[in-house]
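Participant: predicted coordinates and the sequence they were generated for:
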Amino acid sequence: MKEVIHEMFSEEQVQNKIVEIAEKLNKEYAGQSLHLICILKGSIFFFTELAKHLTIPVTMDFMVVSSYGNGTSSSGNLEIRKDLEEPIEGLHCLIVEDIIDSGNTLSLTRKMLQGRGPASLKICTLLDKPERRETQVEVEYTGFVIPDAFVVGYGLDYAQKYRNLPYIGVLEFVEE
Ligand SMILES: O=P(O)(O)OC[C@H]1O[C@H](OP(=O)(O)OP(=O)(O)O)[C@H](O)[C@@H]1O
Ligand SMILES: Nc1nc2[nH]cnc2c(=O)[nH]1
């Protein structure tokens, strides 16, 4: 099978959307500092580009999480593969994600981080696939709402490939 990628959002469209989100954040967090939480690996490109367009003071931390089933439910548990390095108590925090699909990872991550006593905790995602939702999660900032398709590029991978594509595309498998 050959892997073919069909562009969904061009580099320019992604860039414009990120600037739009950053401008909104600059307004809404005016006069405050914002602690950006990057959920690796997929959100790395979105995270860095977003951060570059923020004019409010920001600090950053990084984590690696994944959700896994507990036998009866796919949304059961959160595995923290790499935790944040700093406490978030009293900080205005923004979780930055590349995509929300089932919602399992983000709902568990949000709950876990909320327990650490941030001053506020919001979620910002570049892509949202609401048709696939299994667990409801409140998302304050969304770039693009997309249909149920497997996308790659701009940080998103298939078997660790394609993260470096500067655009977002749908991955299709075709007979050779
Ligand atoms: O809404 P969900 O169904 O929980 O899926 C979303 C999660 O899946 C992806 O991460 P992935 O585990 O593929 O890791 P990666 O970011 O390292 O590619 C994405 O970055 C989210 O964290
Ligand atoms: N690369 C990639 N990872 C995902 N994780 C959840 N949905 C997706 C998707 O569409 N593409």
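Facilitator: Happy to help now that I have it. Ligands and ions are numbered 1, 2, ... in the order given.
Participant: C-alpha coordinates for the longest helix anywhere in the chain, PDB please?
Facilitator: Of all the segments assigned as helix in the chain under DSSP state H, the longest by residue count is helix 11-28. Provided in PDB are the C-alpha atoms of helix 11-28 (Å, rounded to 0.1, in the frame of the first residue of the first chain):
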ATOM      1  CA  GLU A  11       0.800  26.200   5.500                       C
ATOM      2  CA  GLU A  12      -0.600  29.700   5.000                       C
ATOM      3  CA  GLN A  13      -4.000  28.800   6.300                       C
ATOM      4  CA  VAL A  14      -2.500  27.100   9.400                       C
ATOM      5  CA  GLN A  15      -0.300  30.200  10.000                       C
ATOM      6  CA  ASN A  16      -3.200  32.600   9.700                       C
ATOM      7  CA  LYS A  17      -5.300  30.500  12.100                       C
ATOM      8  CA  ILE A  18      -2.500  30.500  14.600                       C
ATOM      9  CA  VAL A  19      -2.000  34.200  14.400                       C
ATOM     10  CA  GLU A  20      -5.800  34.600  14.900                       C
ATOM     11  CA  ILE A  21      -5.800  32.400  18.000                       C
ATOM     12  CA  ALA A  22      -2.700  34.300  19.400                       C
ATOM     13  CA  GLU A  23      -4.400  37.700  18.900                       C
ATOM     14  CA  LYS A  24      -7.400  36.400  20.900                       C
ATOM     15  CA  LEU A  25      -5.200  35.100  23.700                       C
ATOM     16  CA  ASN A  26      -3.300  38.400  23.800                       C
ATOM     17  CA  LYS A  27      -6.600  40.200  24.400                       C
ATOM     18  CA  GLU A  28      -8.100  37.800  26.800                       C
END
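Participant: what residues of it count as buried?
Facilitator: Neighbour counts using 16 or more other CB atoms under 10 Å place Val14, Gln15, Lys17, Ile18, Ile21, Ala22, Leu25 of helix 11-28 among the buried residues. Placement of C-beta: from N, CA and C, glycine included.
Participant: which strands and helices sit next to it?
Facilitator: Contact partners of helix 11-28 among helices and strands, from 3 or more CB pairs under 8 Å, 6 or more residues apart in numbering; DSSP states H and E: helix 44-52, strand 120-128, strand 141-145.
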